[in-house]
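>>> Starting from these lines, generate the structure:
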Amino acid sequence: MIVRIVKMTFRPEAVPGFLALFEERKEQIRHFEGCWHLELWQEAGSETVFFTYSHWTSEAALDHYRFSAFFKDTWTRTRELFADKAQAWSVSQRYVLP
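Next up, the predicted model:
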């Protein structure tokens, strides 16, 4: 399993547009082959910093999504709203404590 975390900083006036785009596309992202979990986080105390947190069955599944026409369209529309360059991490869980 691969966990993908993407940090995005938006222009203040662009936040409603991003949230609308995420609302429109979240089910398609979540049900893309290989994705089995999706969350949207907002940085505490910030109106403009958001994170996506997703679980993928494998790096190959994540890459299949990242190179899809759906992702390219979504990312192009999202990137237009940025105030700063996005940051992304692909990580594997080592421990989970209940």
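
>>> Which helix in the protein has the most residues?
Assignment by DSSP state H gives helix 15-30 as the longest helix of the chain.

>>> Would you mind checking the average pLDDT for that one?
Helix 15-30 carries an average pLDDT of 98.

>>> Could you shift the numbering so residue one becomes 156, and keep it that way?
With 156 as the first residue, the last one maps to helix 170-185.

>>> Can you list the helices and strands that the helix or strand following it packs against?
Counting by DSSP states H and E, the next helix or strand C-terminal to helix 170-185 is strand 190-197. Counting contacts by 3 or more C-beta pairs under 8 Å, 6 or more residues apart in numbering; DSSP states H and E, strand 190-197 packs against helix 170-185, strand 204-211. All C-beta atoms are positioned from the backbone trio N, CA, C, and that covers glycine.

>>> now with 10 Å?
On a contact count with 3 or more C-beta pairs under 10 Å, 6 or more residues apart in numbering; DSSP states H and E, strand 190-197 meets strand 157-164, helix 170-185, strand 204-211, helix 214-221.

>>> How far away from the center of its chain is the first one?
Just to be clear, that refers to strand 157-164. 6 Å (C-alpha atoms, centre = their mean, to the nearest Å).

>>> Burial check on residue 248, number of neighbours?
9 (other C-beta atoms under 10 Å).

>>> so it sits in a strand?
No: read with DSSP: H, G, I helix; E, B strand; the rest coil, residue 248 is coil and lies in no strand.

>>> thinking again about what came up before, quick one, the longest helix of the chain and strand 190-197 angle?
170 degrees (axes from the mean of the first three to the mean of the last three C-alpha atoms, to 10 degrees).
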